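Could you look at this predicted model? Sequence included:
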Amino acid sequence: MEWQIKTIARKSSLSATPFNPGDRIVCLIYQEAGEGELGRADLLESEVDSFEIPGEVLGRWSRVVKDPDDEKANLSETMASAEDFFFSLYENDEPDAADVSDILKHLLSLMLERKRVLRAIPPRQTSGQQPYLHVKTKQELMVPVVEISTELMLKIQDTIGDILL
């Protein structure tokens, strides 16, 4: 199964205002309170403080909307979004969201390793924590090793399928 970060939504999750080239957008991934479901909100930067997040924020990144016809810029932007999202997962220490955060860290690390943004530090772990090296910054990160089941993949895809496919 191929996983990739897709582009941002075409309109704001709060106001339904269409995004235009040049707009700065903030993307939030959160775990809904009580239900544990994942959600995503794409907002104009000016709307972030007005948006009531229905749970714990797991990660965030921001981007400037590009011209949809510029395919090369969009591919580069997609990879940068995945990388920003991955690092933002390490900024949050919400104990209630740790399981979901660990899953996202694991899946994103595999995708970023495939794209040569991260490199696994041998030996390859099958449980516990896998050390990774961020190629550009030489920063070492510990990524939880998570068993990926069909149920897990469907849950992630159903909830944030517009980010990870």
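Looks like it arrived, so ask away.

what's the model's confidence in stretch 125-144, averaged?
Average pLDDT, stretch 125-144: 95.

Residues contacting it, please?
In this structure, residues lying in contact with stretch 125-144 by CB atoms under 8 Å, 6 or more residues apart in numbering are 90, 102, 105-106, 109, 113, 116-121, 124, 145. Every residue, glycine included, has its C-beta placed from N, CA and C.

For the chain, which segments are assigned as helices?
Counting by DSSP state H, one finds helices in the chain at the ranges 71-88, 98-114, 150-160.

need the contact list for F86.
Contact partners of F86, counting by CB under 8 Å, 6+ apart, are G59, K105, L108, S109, L112.

Quick check: of these, which lies closest to S149?
S149 lies nearest to K105 out of the contacts of F86, by CB to CB, at 16.6 Å.

Give me the residue at the spatial middle of this structure.
In the chain, the centroid-proximal residue (CA atoms, centre = their mean) is F85; its distance is 3.9 Å.

now the chain, which segments are flagged as low pLDDT?
For the chain, applying pLDDT under 70 flags the ranges 1-8, 35, 68-79, 93-96, 154-165.

I'd like to know how far D67 sits from A82.
Distance, D67 to A82, using CB to CB, to the nearest Å: 21 Å.

Which one's more surrounded, these two?
Under the criterion of other CB atoms under 10 Å, the comparison of D67 against A82 puts A82 first, with 22 against 10.

wait, doesn't that one sit right on L110?
No. Assessed by CB atoms under 8 Å, A82 is found out of contact with L110, at 11.0 Å.

No further questions, thank you.
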